[in-house]
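J.: mind folding the following:
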Amino acid sequence: MEEVRFQATAGPLILLDFPENLAKDDFNFLTTQEVFNLSSVPVPKILDVRVDRGYVLMDDLGDETLLTKNASVPRLMDEKQNYQQVIDILIKIHQIDIMKYSNHSVARCEFDEEKFLWEINFTNHNLVNKYLD
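T.: Numbering: from 1, shown residues only. Got it, this is the predicted structure:
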């Protein structure tokens, strides 16, 4: 997977380029994004998807992490509020009625050892090897 970031009149966007041999079921994050969006969990807006061509166009939320955000806050109370916002989002995710979305891949997704290892390998391949070289 490769990504291209650019500035558009609508704001910063990111174009994710996937290998064309991916099937729609392989775009697990798209169905997860859809369920999270329907459940009022903050996610980037998907502007266009072309599975047959292997790309997704979406809002670019930037590079700021919780760590960098907390490094710039002046008071401990501000840092605590940032953590509370993250906890509130996690609670919202855990409150999603998965049975309501039984036709989505998110209902079948388990964060078990296999999924955890896949996420680590994906991050290592795309972030460490490709993006950070």
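
J.: buried residues of the longest helix along the chain, list them for me.
T.: Longest helix of the chain, by residue count under DSSP state H: helix 76-94. Across helix 76-94, burial judged by 16 or more other C-beta atoms under 10 Å covers residue 79. Every C-beta, even on glycine, is put in place using the N, C-alpha and C of the backbone.

J.: average pLDDT across the next helix or strand after that helix?
T.: Downstream of helix 76-94, the first helix or strand assigned by DSSP states H and E is helix 113-123. Averaged across helix 113-123, the pLDDT comes to 84.

J.: just the CA trace of helix 113-123, in PDB.
T.: What follows is helix 113-123, C-alpha atoms only, in PDB (Å, rounded to 0.1, in the frame of the first residue of the first chain):
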ATOM      1  CA  GLU A 113      -3.000 -13.100  18.200                       C
ATOM      2  CA  GLU A 114      -3.400 -13.600  14.400                       C
ATOM      3  CA  LYS A 115      -5.000 -10.100  13.900                       C
ATOM      4  CA  PHE A 116      -2.400  -8.500  16.200                       C
ATOM      5  CA  LEU A 117       0.500 -10.100  14.300                       C
ATOM      6  CA  TRP A 118      -1.100  -9.100  11.000                       C
ATOM      7  CA  GLU A 119      -1.300  -5.400  12.200                       C
ATOM      8  CA  ILE A 120       2.400  -5.500  13.300                       C
ATOM      9  CA  ASN A 121       3.500  -6.900  10.000                       C
ATOM     10  CA  PHE A 122       1.400  -4.500   8.000                       C
ATOM     11  CA  THR A 123       2.800  -1.500  10.000                       C
END
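
J.: tell me the secondary structure for residue 53?
T.: coil (DSSP: H, G, I helix; E, B strand; the rest coil).
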